[in-house]
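Undergrad: Sequence first, then the predicted structure:
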Amino acid sequence: MITGASSGIGRGLALEIASRGARLGLLARRQNLLDEIVSEIKARNGQAIAVAADVRDPQAVRQAADRFRAELGPIDVMIANAGIGTSNHAAQLQPEQVAEVMNINVLGAVNSVAAVVPEMVERGSGRLVAIASLAGYRGLAKSAAYCASKAALSSFFESLRIDLRNTGVEVTIIYPGFIKTDLTAGREAKMPYLMELDDAVKKMVTAIEKGKKSYAFPWQLATIVRSSLIMPPGMYDWIAARNSFRE
Ligand SMILES: NC(=O)c1ccc[n+]([C@@H]2O[C@H](COP(=O)([O-])OP(=O)(O)OC[C@H]3O[C@@H](n4cnc5c(N)ncnc54)[C@H](OP(=O)(O)O)[C@@H]3O)[C@@H](O)[C@H]2O)c1
């Protein structure tokens, strides 16, 4: 089961995972785009179904998961990928915008987990995957809502990983850097180590297949971001203010 499967990373994951033989349940709001992906998968002799749903609606997500289980069998892997990005400066803070980012990026993932985890625990197997972000490690300029949502998402999944130890249900948290998708398209700010979608998708699928607990990439940016964790606040702010990835 993949949420946010209609474009970008979700679409890429769907096509790559289908090519490796898995049956797929795809969820996003844009039915027409999902239908095109299902046709593409079927044309390559794969199996997939699509359900249009909004991850903010817990009942709709549960119904989608029920349909995937009924038509394709138990859900082995649920990838919580649906997400949006926004640019906002602290001086023009709009609470509604922050709420929307949180609702989709965090609570949408919570709804997706809730729709699959009881059945996984009962069965004693399954994998929950979060598409978090390197932006969740520390705050970035003009990205308060997005950074906070990704920090919340990764902490949420980390707690799940601890709670679910010894249940047979495992958790993978993926922290990508910049990838060429609609989310990053049109930005004029320089995005270091910007990756091609296909390359990034292959890395993510390999990390999931290997059962990694966490995977941050590309390694160059992941190393810079991780080392920033030990910087004192004044030093970090000085560097971060000079490296805005948003206009
Ligand atoms: N691109 C990057 O550089 C990058 C880096 C790190 C992490 N990420 C994360 O990767 C994930 C995918 O982003 P992307 O780059 O592939 O962007 P994208 O092409 O804009 O894809 C976002 C996906 O999320 C879905 N979505 C958004 N709101 C939704 C909702 N309310 N309910 C259901 N689905 C919803 C969209 O589908 P519909 O509009 O059809 O609903 C779409 O399929 C996001 O969580 C993003 O934060 C991206």
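TA: Everything's here; your move. Residues are numbered from 1 along each chain as shown.
Undergrad: interface residues of this structure facing the ligand?
TA: With C-beta under 6 Å from any ligand atom as the criterion, the chain comes near the ligand at residues 3-10, 28-30, 54-56, 81-85, 104, 108, 131, 133, 176, 178-179, 181-184. C-beta: built from backbone N, CA, C; applies to glycine.
Undergrad: Give the closest residue to G177 in space, chain neighbours not counted.
TA: L221 (4.1 Å; C-beta to C-beta, 6 or more residues apart in numbering).
Undergrad: can you give me the strands for this structure?
TA: 2-3, 23-28, 47-52, 77-80, 126-131, 169-176, 214-217 (DSSP state E).
Undergrad: what's the angle from the third one to strand 23-28?
TA: Per axes from the mean of the first three to the mean of the last three C-alpha atoms, to 10 degrees, the angle that strand 47-52 makes with strand 23-28 is 20 degrees.
Undergrad: Pull out the buried positions in strand 47-52.
TA: Burial within strand 47-52, assessed by neighbour count using 16 or more other C-beta atoms under 10 Å, is assigned to 48-52.
Undergrad: what do you get for the fifth one?
TA: Residues 126-131 are the ones in strand 126-131 that count as buried (16+ other C-beta under 10 Å).
Undergrad: Kindly report the same for the second one.
TA: Burial within strand 23-28, assessed by neighbour count using 16+ other C-beta under 10 Å, is assigned to 23-28.
Undergrad: Reformat the residues you listed as CSV; add pLDDT.
TA: Conversion of those to CSV gives the following (pLDDT from 0 to 100):
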residue, pLDDT
R23, 98
L24, 98
G25, 98
L26, 98
L27, 98
A28, 98
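Undergrad: The ligand: which of those is nearest?
TA: Distance to the ligand across the buried residues of strand 23-28 (C-beta to the nearest ligand atom) is lowest for A28, with 3.5 Å.
Undergrad: pretty sure the closest one is in contact with A82, am I right?
TA: Yes: assessed by C-beta atoms under 8 Å, A28 is found in contact with A82 at 6.6 Å.
Undergrad: what touches both of the two?
TA: Contact criterion C-beta atoms under 8 Å, 6 or more residues apart in numbering; residues shared by A28 and A82: 3-4, 10.
Undergrad: Show me how to select, in ChimeraX, the buried members of the residues you listed.
TA: Here is the ChimeraX command that selects only those of the shared contacts of A28 and A82 that count as buried (16+ other C-beta under 10 Å):
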select :3,4,10
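Undergrad: Distance of D66 relative to the ligand?
TA: 17 Å (C-beta to the nearest ligand atom, to the nearest Å).
Undergrad: Tell me how many other residues surround that residue.
TA: As a burial measure, D66 scores 13 neighbours (other C-beta atoms under 10 Å).
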